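# Starting from these lines, generate the structure:
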Amino acid sequence: MKEQKEIVAYLKDKGFIYPGSDIYGGLANSWDYGPLGAILKDNIKQLWKKTFIDEQHNVFHLDSSIILNSKVWKASGHIDRFSDPLVDCKSCKQRYRADDLLKQANHKNVSTLSLEELTKGINKLQCPNCSKQNWTNVREFNLMFKMSNSKINLNDDEIYLRPETAQGVFINFKNIMDTISPKLPFGVGQVGKAFRNEVTPGNFIFRTKEFDQLELEFFCHPNDANKWFKFYNHEIQSFLKNTLNLKSKYIKEFHVPTKELAHYSTKTIDFEFKFPFGWAELLGLANRTDYDLKTHSEHSNDELLVIDPITKEKYTPYVIETSIGVERLLFAIVSNHLKTIIVDDEERDILQLPFALAPIKIAIAPLTNKIEKQAFKLYEKLLKDSIGSIIFIKGGSIGKRYRKQDQIGTPFVITYDFDSQQDHQVTIRERDSKKQTRVKIDEITTFIQNHAK
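Numbers count the residues shown, from 1 in each chain. The predicted structure follows:
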């Protein structure tokens with residue numbers, strides 16, 4: 001695996017990710033997705049939706065609002081509990097998460113400590129930036145971005161950018177039951193923006209203040225919760241290892257200890273990935289119990305429950321949740337698939353993305369400019385065949401064009417040469433094997449479909 005600085009430089013140089021507000025000196029922890037990065041990001045979303053929604057029985061889509069009534073966040077506990085322990089070095093003014101500093105110092109059971117206990121532990125440490133021991137008291141810092149709902153900035157008008165997409169599902173549970181009439185068990189998944197005012201954002205796109213979430217809330221009978229938890233554990237493992245082709249040695253499960261569980265959870269597994277900076281959470285699987293629906297029932301005075309059509313049992317469903325950040329997943333995918341190979345004693349980068357993720361699936365390359373028009377007609381024909389995103393590349397030697405497509409992850413390059421006009425065949429080069437095959441033009445689509453991995 002390449003070092004983080006190499007990956008960051010590579011992704012900018014190849015048109016995947018740029019520093020935000022770059023021409024104005026940038027904005028800390030802000031990133032823009034270039035032509036290739038935007039497609040890769042969208043491909044990740046589409047593949048997740050295909051795997052966890054479209055191909056699953058009784059799972060539905062939702063697109064809830066980014067800005068919700070503040071009562072939602074009060075009921076869910078985000079206003080009172082969604083915070084990080086913040087501490088500042090008085091000497092150098094550097095700001096840190098107190099729990100992160102203590103974890104780095106191998107302090108145990110950090111998540112169970114009170115603010116006073118955190119402060120006591122921090123006072124024994126040196127500041128990583130200036131080596132002084134001159135700390136403020138540890139205090140809670142709410143992670144939600146606060147906004148005003150009117151031109152008059154009154155407390156009653158305070159609203160928030162959502163820190164997660166899950167609550168949009170819970171508050172629409174009754175609407176979905178009343179309109180779609182799904183039978184339990186069923187799931188609701190959505191992809192959308194979330195915002196967290198992180199104390200210590202960093203490590204490239206691993207932790208950002210603005211990000212995309214892929215979340216699925218699966219509603220089931222309380223007695224079946226463990227069964228569905230195991231089911232989604234298997235689905236997640238398959239998605240990471242088989243669909244995304246992430247190496248098993250880079251993935252491990254962390255079963256969150258009982259004392260460290262979120263207040264709504266009875267069981268949580270964090271799937272960790274070995275990023276260039278070390279092991280960190282990639283996605284989560286949690287048994288949220290009936291906490292969310294019961295809480296919103298109490299605060300809204302609206303019953304969010306179901307009645308079994310056969311037994312007439314009235315109950316509040318349990319929720320099994322899978323939650324993934326698109327940016328973290330993209331970072332993991334590139335870290336896993338970006339390789340350096342040796343060709344003719346020369347080092348070359350190759351991005352070995354699965355076909356479904358590759359921003360560009362096929363590149364059409366005329367061997368020379370003299371046959372550019374004929375090659376462009378083939379390009380237009382393949383566009384209509386809808387076999388994936390296609391680009392037309394010209395200029396420079398064919399070897400250099402191959403190399404550039406390897407760098408951005410294009411699985412196939414089709415070369416149109418002088419013989420193509422007579423024999424109606426082209427040469428298809430496969431990215432990973434470097435194998436070149438002569439294929440009839442009318443059989444290109446079939447070849448790609450059979451060889452896409």
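# Which secondary structure state does residue 212 sit in?
At residue 212 the chain is in strand, as set by DSSP: H, G, I helix; E, B strand; the rest coil.
# List the residues that contact it.
Shown in contact with residue 212 (C-beta atoms under 8 Å, 6 or more residues apart in numbering): 41, 45, 191-194, 325-327. For the C-beta atoms, the positions are set from N, CA and C on the backbone; glycine is no exception.
# Kindly reformat those as a markdown table and extend each row with distance to residue 159.
Below are these laid out as a markdown table (distance: C-beta to C-beta, whole Å):
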| residue | distance to residue 159 |
| --- | --- |
| 41 | 27 |
| 45 | 26 |
| 191 | 22 |
| 192 | 17 |
| 193 | 15 |
| 194 | 15 |
| 325 | 23 |
| 326 | 24 |
| 327 | 25 |
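# mind listing which of those residues are in helices?
Using DSSP state H, the members of the contacts of residue 212 that fall within helices are 41, 45, 326-327.
# rewinding a little: can I get the contacts of residue 212 in a markdown table with pLDDT?
Shown next, in a markdown table, are the contacts of residue 212 (pLDDT from 0 to 100):
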| residue | pLDDT |
| --- | --- |
| 41 | 98 |
| 45 | 98 |
| 191 | 97 |
| 192 | 97 |
| 193 | 97 |
| 194 | 97 |
| 325 | 97 |
| 326 | 98 |
| 327 | 97 |
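# And these, which of them are buried?
Buried residues within the contacts of residue 212, counting neighbours by 16 or more other C-beta atoms under 10 Å: 41, 191-192, 194, 325-327.
# Could you list the low-pLDDT ranges of the stretch 51-200 of the chain?
Within the stretch 51-200 of the chain, the segments meeting pLDDT under 70 span 150-157.
# just checking, what packs against the helix or strand hosting residue 235?
According to DSSP states H and E, residue 235 maps onto helix 225-238. With contacts defined as 3 or more C-beta pairs under 8 Å, 6 or more residues apart in numbering; DSSP states H and E, helix 225-238 has these neighbours: strand 210-220, strand 267-275, strand 278-289, strand 318-325.
# Just send these back as TSV, with distance to residue 304 too.
Putting the helices and strands packed on helix 225-238 into TSV (distance: least, C-beta to C-beta, whole Å) gives the following:
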stretch	distance to residue 304
strand 210-220	10
strand 267-275	22
strand 278-289	13
strand 318-325	11
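# how about the ones you listed, which one is nearest residue 106?
strand 278-289 (14.3 Å; C-beta to C-beta).
# tell me which residues in that closest one are buried?
Neighbour-count burial for strand 278-289 flags 280, 282-289 (criterion: 16+ other C-beta under 10 Å).
# From those residues, pick the one nearest residue 409.
Closest to residue 409 out of those is residue 282 (20.3 Å), distances taken as C-beta to C-beta.
# Just confirm the closest one contacts residue 269, I think it does.
No. Using C-beta atoms under 8 Å, residue 282 makes no contact with residue 269, being 11.2 Å away.
# Now do the shared contacts for the two.
With C-beta under 8 Å, 6+ apart, residue 282 and residue 269 have no common neighbours.
# what angle separates the helix holding residue 235 from strand 318-325?
Angle, helix 225-238 to strand 318-325, by axes from the mean of the first three to the mean of the last three C-alpha atoms, to 10 degrees: 20 degrees.
# pLDDT of helix 225-238, averaged?
Averaging pLDDT along helix 225-238 gives 98.
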